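Participant: got a predicted model here, sequence first, then my questions.
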Amino acid sequence: MELLGGIMMKRKLSNFNDGVLHYGTIKTKRNALKEKVGLEFVESGFLFFDFKQIRQEDTEIYDIGKDQTSNLKVQTYYIDGIDKNIQKVVYKNDYYEVKNIDPSNDRKTMFWYLTKKGSLNEIQ
C-alpha cells in the first residue's frame, strides 16, 4: 500500500491468470535423405498472461488487421531478450506469429500482438 495525499492506495497487481503462452521457434524436420518431412515447435519458455482488448489504434500502429477472431493481444510480465522476428507463440494447440511486443514504460509488463497462423498439429 502507498500513501498518496494522505489516502492509502492499494497497488493493482495482476496475477496473469487468463492462460499460459509458450514461446519458441519452429524448426524444419528432415529425414535421413535431408528431405523436409514436417515442422516442430521448439519451446524457449512460457509466460502467464491476461487477455487485453485490441484497440483501433493498435490495429493502425501494429498492422494486425481487422479480423479479431484470429488476433490476440495479451499482457505478460516483462522479460528481456525475446526477438519478435523469430519467436512463435503456442496457445491451446494453435500457433501464432508475433506481430509486435510493446514493453510498458516501467519495463514491468509487455503487450504481445499475435496473429493466428494455424494449428500446432499441422506443424508437428
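Facilitator: That came in fine, so what should we check first? For clarity, every value in this text was computed on a predicted model and none was experimentally measured.
Participant: low-confidence stretches in the protein?
Facilitator: 1-14, 58-70, 120-124 (pLDDT under 70).
Participant: how about the helices in it?
Facilitator: Taking DSSP state H to define them, one finds helices in the chain at 56-62, 120-123.
Participant: partner strands of the longest strand along the chain and their direction?
Facilitator: Secondary structure of the chain per DSSP state E: the longest strand is strand 36-52. In the sheet, strand 36-52 lines up against strand 19-30 (antiparallel), strand 71-77 (antiparallel) (DSSP bridges).
Participant: so which of those strands is the most packed in?
Facilitator: Among the strands paired with strand 36-52, the stretch with the highest mean neighbour count (mean count of other CB atoms under 10 Å) is strand 71-77, at a mean of 20. Placement of C-beta: from N, CA and C, glycine included.
Participant: so who does the residue positioned nearest the centre of the chain touch?
Facilitator: What sits nearest the mean C-alpha location of the chain, by CA atoms, centre = their mean, is residue 112, with 4.3 Å. If you count contacts by CB atoms under 8 Å, 6 or more residues apart in numbering, residue 112 has them with 21, 49, 72, 73, 74, 75, 76, 89, 98, 100, 101.
Participant: of those residues, which is the nearest to residue 118?
Facilitator: Of all those, residue 118 sits closest to residue 89, with 12.3 Å by CB to CB.
Participant: bridging residues for the closest residue to the closest one other than its chain neighbours?
Facilitator: Ranked by CB to CB, 6 or more residues apart in numbering and with sequence neighbours excluded, the top spatial neighbour of residue 89 is residue 96, at 4.4 Å. Residue 96 has the following beta-bridge partners by DSSP bridges: residue 89, residue 116.
Participant: much appreciated, bye for now.
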